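1. attaching a predicted model along with its sequence, questions to come.
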Amino acid sequence: MNDRTSYLTPVLCFLAGGFAGASVALLMAPQSGEATREVMRKKLRETDIAARALKDRIVRRGEEVRDEATRRVGAAATALAGNGADSV
């Protein structure tokens, strides 16, 4: 058996299990389709808002790290050039 086949079989089994589970969940749902769709819309909106907030925090933190790295590299370059204080 080659590597591709040995990798593909578990992936297909996982996807088939997910599909079967989703099908059973929809059939056994305690509320109507309209109510379920409304709940899903609300959860997706909440998830979208949370994901955007997380992205903004990550971008902001990345900018802070970049600015700090720029400052430290500048200070190190100045110190190596002998033009500044030795506080790197």
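-> Perfect, thanks for sending it.

2. now Lys55: which helix or strand?
-> Element membership for Lys55 (DSSP states H and E) is helix 33-81.

3. counting contacts, what elements does that helix pack onto?
-> Taking 3 or more C-beta pairs under 8 Å, 6 or more residues apart in numbering; DSSP states H and E as contact, there are no helices or strands that helix 33-81 lies on. Glycine gets a C-beta too; all of them are placed from N, C-alpha and C.

4. from now on call the first residue 800
-> Okay, residue one is now 800; in that scheme the one you just asked about reads as helix 832-880.

5. where does the prediction get shaky in this protein?
-> Scanning the chain for pLDDT under 70 picks out the ranges 800-804, 882-887.

6. how is it divided into domains?
-> In terms of domains, the chain is parsed into 800-829, 833-882 (source: automatic domain parsing).

7. dump those domains into a markdown table; add mean neighbour count as well.
-> Output for the domains of the chain, formatted as a markdown table (neighbours: other C-beta atoms under 10 Å):
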| stretch | mean neighbour count |
| --- | --- |
| domain 800-829 | 9 |
| domain 833-882 | 10 |
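
8. secondary structure element holding Pro829?
-> Per DSSP H and E, there is no helix or strand for Pro829.

9. please name the residues that touch the residue positioned nearest the centre of the chain.
-> In the chain, the C-alpha closest to the average C-alpha coordinate belongs to Ala850, at a distance of 7.9 Å (C-alpha atoms, centre = their mean). Under the criterion of C-beta atoms under 8 Å, 6 or more residues apart in numbering, Ala850 has no neighbours.

10. quick check: the gap between it and Thr835.
-> Distance from Ala850 to Thr835, counting by C-beta to C-beta, to the nearest Å: 22 Å.

11. one more: Lys842?
-> For Lys842 relative to Thr835 (C-beta to C-beta), the value is 11 Å.

12. just Ser822 next, same as before
-> For Ser822, the distance to Thr835 - C-beta to C-beta - is 14 Å.

13. repeat that for Val810.
-> 28 Å.

14. with Glu867 instead?
-> In terms of C-beta to C-beta, Glu867 sits 47 Å off from Thr835.

15. and what of Leu807?
-> Taken as C-beta to C-beta, the span from Leu807 to Thr835 is 33 Å.
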